[in-house]
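Participant: Below are the sequence and a predicted model for it; my questions follow.
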Amino acid sequence: MAHIYDYAIIGSGLTGLSIAAALSRETKNIALIEAADFPFGVNKQIKFPTGPMNNGLRFVPDSVLAEKAMAFIENLVGQTVIKDVTEMAPVTYDSGNFKTFLGFGDNPPAFYEELQYFTSSKRIELAMQPYEWTQKLFEQFKGDFMPRSYVTKFHNEGSKVSHITINGSKTLHAENFIFAGSVKDLAVLLPEDAISIRARTRLSKNTYWTALCLDLCHAKPVTESTAMHVLNGTTQDEIGPCAGMFGPVVETEEGTLQSSQWLTFIEHEATEDSEVVGMALKKIKRQIKRAYPEALDGLKLERIFVAPLIAGNGELKVSGNQTLPELNNLWIASATMNEQRNVLGSLLQAEMILASLGFKVTESETTSEQYEEESESEVEASM
Ligand SMILES: Cc1cc2nc3c(=O)[nH]c(=O)nc-3n(C[C@H](O)[C@H](O)[C@H](O)COP(=O)(O)OP(=O)(O)OC[C@H]3O[C@@H](n4cnc5c(N)ncnc54)[C@H](O)[C@@H]3O)c2cc1C
């Protein structure tokens, strides 16, 4: 007789790990299934000459929901995550001067909504970084971690997922399945009769965004400014603007160094064209050089990171409790299902799913009863 897990969680990024750590308070009978060799997803630690840092630019705009998300992660990791809430307007470089960034005007980039997240003046300064959250969450996980295990298919019996296939051959059974990977992949993973052909096509054909990140270690201090920089240049082109920030100046054995982290978005389909990726990277560098002419001289390190499918505007209909209407034990935890973006989306989606599973992590969370009320009208999640 096959072992049956209470929960099978697919994906061990911030979203999957948050759920895994919380569920571990109640049971060890959890499978945490991860395609990669290691847990943490995109929120893993990067070693840099200036010290450990996040895997690409991280920024948390302040809002009531952001503070709710931070309370959730603070409770999970048992540590203070927020250092401070500060106000600092983003800056841009225009006509030879730095100016307050006032918006994209009449020519917003196609990925305007993704980039707008980074332009909030009010921001949360973190006492503990996202790569530290995931490490702590993984320490708290008590079930079976299965790396190098790619879930290739969900199988159902009626309105329940009965088991999944891993790496095309292995079978794993569970009472509940929590999917914390990319929503786009559900077009392939879901059983034939779980969603309509139209919904499946919509899932795979919508516009998804890939983040293109450039992490730099400058040979000399560049600026004391800790403002978010939104750089575009004078010409409007298809590539659009980038956002980035400088880290603190650090004394190291290699000298006085400073890091900076930048990102832009490109349409996922375009990532297959290495020329587009190359052009976008060149554009980021050109804009940095324009604003800080010596910043790229003698770079100590340059790191490029392409994060596929981190955002998109596809749609998948889920019930109010975040299960698929046709499969009531498959919970869609993907961060992009949440109206909030990025790490906030991860945390709030995880909190919502835990609540609907009956797990209370913070005092202020919405109860599962409230979700059930909402479920009467299906929620169309924006991704
Ligand atoms: C470059 C970059 C910059 C960002 N900047 C910010 C920022 O400034 N502020 C902010 O708040 N957020 C930011 N984010 C976003 C934020 O970190 C993510 O949206 C979110 O937290 C990612 O967590 P996740 O668990 O949803 O996904 P991921 O970290 O992508 O984890 C998903 C995991 O699931 C695994 N997986 C997927 N499919 C399968 C499968 N079929 N079988 C088995 N395993 C599978 C993957 O291997 C992966 O490990 C940024 C993200 C990136 C990449």
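Facilitator: Right, received. Where do you want to start?
Participant: Which stretches in the stretch 51-200 of the chain count as strands?
Facilitator: With DSSP state E, counting those that start in this stretch applied, the stretch 51-200 of the chain shows strands at 51-54, 82-87, 91-94, 97-100, 122-126, 144-146, 151-157, 160-166, 170-179, listed in chain order.
Participant: what pairs with residue 323 across the strands?
Facilitator: Taking DSSP bridges as the rule, residue 323 bridges to residue 331.
Participant: Looking at the strands of the stretch 51-200 of the chain, spot the one closest to the ligand.
Facilitator: Among those, the nearest to the ligand by CB to the nearest ligand atom is strand 151-157 (3.7 Å). Placement of C-beta: from N, CA and C, glycine included.
Participant: Check which residues of the closest one are buried.
Facilitator: By neighbour count with 16 or more other CB atoms under 10 Å, strand 151-157 contains the buried residues 151, 152, 154, 156.
Participant: Show me the two of the residues you listed that sit farthest apart.
Facilitator: Farthest pair in the buried residues of strand 151-157 (CB to CB) is 152 and 156. Separation: 15.0 Å.
Participant: check contacts around residue 5.
Facilitator: By CB atoms under 8 Å, 6 or more residues apart in numbering, residue 5 lies in contact with 29, 30, 31, 143, 144, 172, 173, 174, 175.
Participant: Skipping its backbone neighbours, what lies nearest it in space?
Facilitator: The shortest distance from residue 5 to any non-neighbouring residue, by CB to CB, 6 or more residues apart in numbering, is to residue 174 (4.0 Å).
Participant: isn't that neighbour right up against residue 27?
Facilitator: No - proximity of residue 174 to residue 27 does not meet the contact threshold set by CB atoms under 8 Å, at 11.6 Å.
Participant: And these two? Which one has more around it.
Facilitator: residue 174 (22 against 12; other CB atoms under 10 Å).
Participant: ok, so what distance separates the more buried one from residue 143?
Facilitator: As judged by CB to CB, to the nearest Å, residue 174 and residue 143 stand 11 Å apart.
Participant: circling back: quick check: neighbours shared by residue 174 and residue 27?
Facilitator: Common neighbours of residue 174 and residue 27, using CB under 8 Å, 6+ apart, are 6, 7.
Participant: where's the residue nearest the centre of the chain relative to the ligand, distance?
Facilitator: Centroid check for the chain by CA atoms, centre = their mean gives residue 342 as the closest residue, at 4.2 Å. Look at residue 342 and the ligand: by CB to the nearest ligand atom, to the nearest Å, they are 3 Å apart.
Participant: That residue reaches residue 115, doesn't it?
Facilitator: No - under the criterion of CB under 8 Å, residue 342 is not in contact with residue 115, lying 11.6 Å apart.
Participant: Now the common contact residues for the two.
Facilitator: By CB under 8 Å, 6+ apart, no residue touches both residue 342 and residue 115.
Participant: Contact partners for the nearest residue to residue 13 once chain neighbours are set aside?
Facilitator: What sits nearest to residue 13 in space, not counting adjacent residues and going by CB to CB, 6+ apart, is residue 41, at 2.4 Å. For residue 41, the contacting residues are 11, 12, 13, 14, 15, 16, 17, 134, by CB under 8 Å, 6+ apart.
Participant: OK, contacts around the fifth one?
Facilitator: Which is residue 15. Residue 15 neighbours (CB under 8 Å, 6+ apart): 41, 180, 333, 334, 335, 346, 347, 349, 350.
Participant: Make a PyMOL selection of the buried ones in these.
Facilitator: Selection of buried members from the contacts of residue 15 for PyMOL, criterion 16+ other CB under 10 Å:
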select buried, resi 41+180+333+334+335+346+347+349+350
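Participant: Can you add pLDDT, secondary structure and distance to residue 2 and give the contacts of residue 15 back as JSON lines?
Facilitator: Below are the contacts of residue 15 laid out as JSON lines (pLDDT from 0 to 100; DSSP: H, G, I helix; E, B strand; the rest coil; distance: CB to CB, whole Å):
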{"residue": "41", "pLDDT": "96", "secondary structure": "coil", "distance to residue 2": "28"}
{"residue": "180", "pLDDT": "97", "secondary structure": "coil", "distance to residue 2": "23"}
{"residue": "333", "pLDDT": "95", "secondary structure": "coil", "distance to residue 2": "24"}
{"residue": "334", "pLDDT": "91", "secondary structure": "coil", "distance to residue 2": "27"}
{"residue": "335", "pLDDT": "87", "secondary structure": "helix", "distance to residue 2": "31"}
{"residue": "346", "pLDDT": "95", "secondary structure": "helix", "distance to residue 2": "31"}
{"residue": "347", "pLDDT": "97", "secondary structure": "helix", "distance to residue 2": "33"}
{"residue": "349", "pLDDT": "95", "secondary structure": "helix", "distance to residue 2": "29"}
{"residue": "350", "pLDDT": "97", "secondary structure": "helix", "distance to residue 2": "28"}
